[in-house]
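1. I'd like to go over a predicted model; first the sequence, then the structure.
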Amino acid sequence: MTALRPRLVIPVLALVMLVCVLLLGGYVRGDFEADHRVHPPVSADKVPESVLDGGPVVDATGDKPRSYRTPDRTIALTFDDGPDPVWTPKVLDVLKRQHVPATFFVTGGMASRHPALIRRMVAEGHEIGVHTFSHPDLVYQSPGRIDRELSQTQLALAGAAGIHTSLFRPPYSSTSDALDDLSWPVVQRVGRQGYVTAFIDRDAEDWRRPGVQAIVDASVPEKPGQGAIVLLHDAGGDRSQTVAALDRLIPLLKERGYRFDTVGGAVGATSTNDKVTGSELWKGRIFVAAVELSETAVPTLAVLLAGVGLLVLARFAAMLVLARRHARQRRAPGFGWGPPVIEPVSVIVPAYNEKECITHTVNSLAASDHPVEIVVVDDGSTDGTADIVEALDLPGVTVVRQPNSGKPAALNNGVAHARHDLIVMMDGDTVFEPATVRELVQPFGDPRVGAVAGNAKVGNRTRMIGRWQHIEYVMGFNLDRRMYDLLRCMPTIPGACGAFRRDALRDVGGMSDETLAEDTDVTMAMHRAGWHVVYAERARAWTEAPSSVRQLWKQRYRWSYGTMQAMWKHRGAVLDRGHSGRFGRVGLPLVVLFQVLAPLLAPLIDVFAIYGLVFMDPFRTALAWAGVLAVQAACAAYAFRLDGEPLRDLWPLPLQQVLYRQLMYLVLLQSCVTAVNGGRLGWHKLRRTGEVGAPAVGTGTGTGTGTASRT
């Protein structure tokens, strides 16, 4: 198991990385920790008069705060809330055309999402200021949150353009005389960290979209020649009026003798933007790179989610329509495969350390209502499995002993010792109903049929994991088989319950050990050899499903990896003609879609559900997830109805979707990793409990309502 750990770590890391990407994406968009409260005005008793009566730039970095006025005939254009990918470039284009510098108070979230715009601002001589990371009113925030809002924005600026700024503007601020006893402590706190706070002289109120001329009029100083810091916005909505107003405002102010400068330049600061080097630079770059990954990943995942939704719905629709048609055809009064098959059958039971189950298995076969020869191939068991079978002393039972060579070798050895031309294969942990063998071989009345898949059911359902697998077997495997049967592209004869013509096995060279899924491998080989493979719904077999997560993981890991091996081995069927080509161009794509891609992407439904509950409207998210579950429940209910199973067994379905689906995703992803790196797996022997007892007498007739006695 040690050799498998790296392959296990990779799927877990992939899932953790996905969650982190979504969390980061939600955070930088302001969906997480977003706070849009604005505090009401309070008294300003604690704010120094020099600040209230001073200019718009407040320096609280020292013991005594100082304020600076905007020089006469000087305009500092400032833009808040950006950068925006649509409107900031248009604003920059106007400023470049007019040869005017400006100051951009950016949010860290937007800066990290659009670093190229920050680099352009710096390259074109503009000034950058901090406008917090997620635009909250800092009055309501804790000191720690205030510090994070500043430091994370600086991190974004370092990663985007390699700069650090000492200029700050609080969200929802206006002129300095609007400071009060709640907002002044914030200015003091950021001042102690080295920030100079820039308020405004003129508010264009462009966020209201009052009209281009109204924006121009509000931006012009009241008194001729009076300097002003003007507040505009380059993000937060449609800023077309702002862009148009700039083309009027700048020439107008130039004609009146105004010069344009940055906020820092207007008050005589030597530099407010400094270069960042060393570890701070690299931390910033890593942060911005992570955000860029999130910006790419989240929309991509959204598209994949839409694809998964369509794929899941298409699968459900196809299964429901085709399964119904299949059931109507097979259950029609006049349906038949051909002449009744009454010839004896050889049943091969490969067994390796099956002492807990083998007695039930052999006894169930001995009770068959069809003439059978039973060949138990003991594959080097060390627990006395062969001795147990011999001690039963049942007529028609042959025990073949061989050194441990694997299941394919045991099956081939059993075929070699079998006396009859129709061969049934079953697992050593499975029990048949009395009619199972008879029902399983009836399709051989059609000479084109080379193999038959039986209806495998979970016999041990006392634990939750068994109940989940029961739902999976009925809804997934057996409903799928109805669809594949009607489309004539059945990909797998289950090892628990399958029948073969000896001639068909001879045509494909017997059971192959080239893949871990010898049942899928031989089924695909039979399609390529021109044989038909069908499904016998009444041929019920009760198998012991894994009873622990560890055992289930081992089984599904082998199944998934073996299926991938078989698909790769038989990929040439895509170019074949006839029945083989039909399987290659219909069956193989369906296996890829429904057994690889859909399970790999299905967890996105749950991941995005969590994302929506945290970052979006919880009610709508829960409603959407419930809708998906309702579709699955409807499909499962129909599958249970077709299989004659009680609907009360569906109650674990919601938990299955939340927990079981993630487990299957991790197993499949681990299998993909193994397949990509070319790893090989040994045979995984599952631990048996012997929970599945002999089938109840008389359950072999009817239309799929049989049960098995379970201890």
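-> Received the coordinates, thanks.
2. Next secondary structure element downstream of the helix or strand where Ile229 lies?
-> Assigning secondary structure by DSSP states H and E places Ile229 in strand 228-233. Reading on from strand 228-233 to the C-terminus, the next helix or strand found by DSSP H and E is helix 240-255.
3. Spatially, what comes nearest to the residue sitting nearest the centre point of the chain if we skip its sequence neighbours?
-> Closest residue to the average C-alpha location of the chain: Leu604 at 2.7 Å, with CA atoms, centre = their mean. Distances taken as CB to CB, 6 or more residues apart in numbering put Leu305 closest to Leu604, at 4.6 Å, once the chain neighbours are dropped. Yep, even glycine has a C-beta here, placed from its N, CA and C like the rest.
4. any low-confidence regions in this structure?
-> For the chain, applying pLDDT under 70 flags the ranges 1-12, 14-15, 25-27, 29-35, 675-711.
5. Which residue of it lies farthest from its centroid?
-> Outermost residue of the chain (CA atoms, centre = their mean): Pro224, 61.6 Å.
6. where along the stretch 1-150 of the chain do the strands fall?
-> 57-59, 66-68, 74-80, 103-106, 127-130 (DSSP state E, counting those that start in this stretch).
7. wait, I meant the stretch 451-600 of the chain
-> Along the stretch 451-600 of the chain, the segments classed as strands by DSSP E, counting those that start in this stretch run 498-501, 532-543.
8. The stretch 301-450 of the chain too?
-> If DSSP E, counting those that start in this stretch is used as the criterion, the strands of the stretch 301-450 of the chain fall at 345-351, 372-379, 397-402, 422-425, 430-432, 449-458.
9. Point out the one among these that comes closest to Leu505.
-> Closest to Leu505 of the strands of the stretch 301-450 of the chain, according to CB to CB: strand 422-425, at 7.0 Å.
10. which residues sit against that closest one?
-> Strand 422-425 is contacted by residues 341, 343-348, 350, 372, 411, 414-415, 437, 440-441, 444, 495, 497-502, 505 when judged by CB atoms under 8 Å, 6 or more residues apart in numbering.
11. sorry, back to before: report how many residues lie close to the residue nearest to Leu604.
-> 16 (other CB atoms under 10 Å).
12. hang on, the earlier thing: show me what contacts the residue nearest to the centre of the chain?
-> Counting by CB under 8 Å, 6+ apart, Leu604 touches Leu301, Leu304, Leu305, Val308.
13. check contacts around the third one.
-> With contacts defined as CB under 8 Å, 6+ apart, Leu305 is in contact with Leu601, Leu604, Ile605, Phe608.
14. now with 7 Å?
-> With contacts defined as CB atoms under 7 Å, 6 or more residues apart in numbering, the neighbours of Leu305 are Leu604, Ile605, Phe608.
15. can you redo the strands of the stretch 451-600 of the chain as CSV with mean neighbour count and distance to Ile229?
-> Below are these laid out as CSV (neighbours: other CB atoms under 10 Å; distance: least, CB to CB, whole Å):
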stretch, mean neighbour count, distance to Ile229
strand 498-501, 27, 81
strand 532-543, 25, 77
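16. looking at these, which is closest to Ser364?
-> strand 532-543 (8.4 Å).
17. Now do the SS call for the residue nearest to the centre of the chain.
-> helix (DSSP: H, G, I helix; E, B strand; the rest coil).
18. Tell me how far it lies from Trp625.
-> 12 Å (CB to CB, to the nearest Å).
19. Would you mark the buried spots in stretch 458-470?
-> Residues of stretch 458-470 classed as buried: Val458, Gly459, Asn460, Arg461, Ile465, Gly466, Arg467, Trp468, Gln469, His470 (neighbour count, 16 or more other CB atoms under 10 Å).
20. ok, of those residues, which one's closest to Asp84?
-> Closest approach to Asp84 among the buried residues of stretch 458-470 (CB to CB): Trp468, at 47.8 Å.
21. wait, the closest one sits on Trp651?
-> No: using CB atoms under 7 Å, Trp468 makes no contact with Trp651, being 11.2 Å away.
22. Of all pairs in the buried residues of stretch 458-470, which one spans the longest distance?
-> Farthest pair in the buried residues of stretch 458-470 (CB to CB) is Gly459 and Trp468. Separation: 14.4 Å.
23. Now the buried members of the contacts of strand 422-425.
-> Counted by 16+ other CB under 10 Å, the contacts of strand 422-425 give 341, 345-348, 350, 372, 411, 414-415, 437, 440-441, 444, 495, 497-501, 505 as buried.
24. who wins for proximity to Leu117 among the strands of the stretch 451-600 of the chain?
-> Among the strands of the stretch 451-600 of the chain, strand 532-543 comes nearest to Leu117, with 59.5 Å by CB to CB.
25. so how far is that closest one off the chain centroid?
-> Between the centre of strand 532-543 and the centre of its chain there are 33 Å (CA atoms, centre = their mean, to the nearest Å).
26. Neighbouring strands - and their directions - for it?
-> If you go by DSSP bridges, strand 532-543 pairs up with strand 430-432 (antiparallel), strand 449-458 (parallel).
27. Now do the longest one: everything it contacts.
-> The set of residues that contact strand 449-458 without belonging to it, under CB under 7 Å, 6+ apart, is 436, 440, 443, 466, 469-470, 473, 477-478, 481, 490, 493-494, 496-501, 504, 523, 526, 531-537, 539-543, 545.
28. that older thread, need the buried residues of stretch 458-470 in a markdown table (columns: distance to Tyr140).
-> A markdown table is the format used below for those (distance: CB to CB, whole Å):
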| residue | distance to Tyr140 |
| --- | --- |
| Val458 | 55 |
| Gly459 | 60 |
| Asn460 | 57 |
| Arg461 | 54 |
| Ile465 | 48 |
| Gly466 | 52 |
| Arg467 | 49 |
| Trp468 | 46 |
| Gln469 | 51 |
| His470 | 52 |
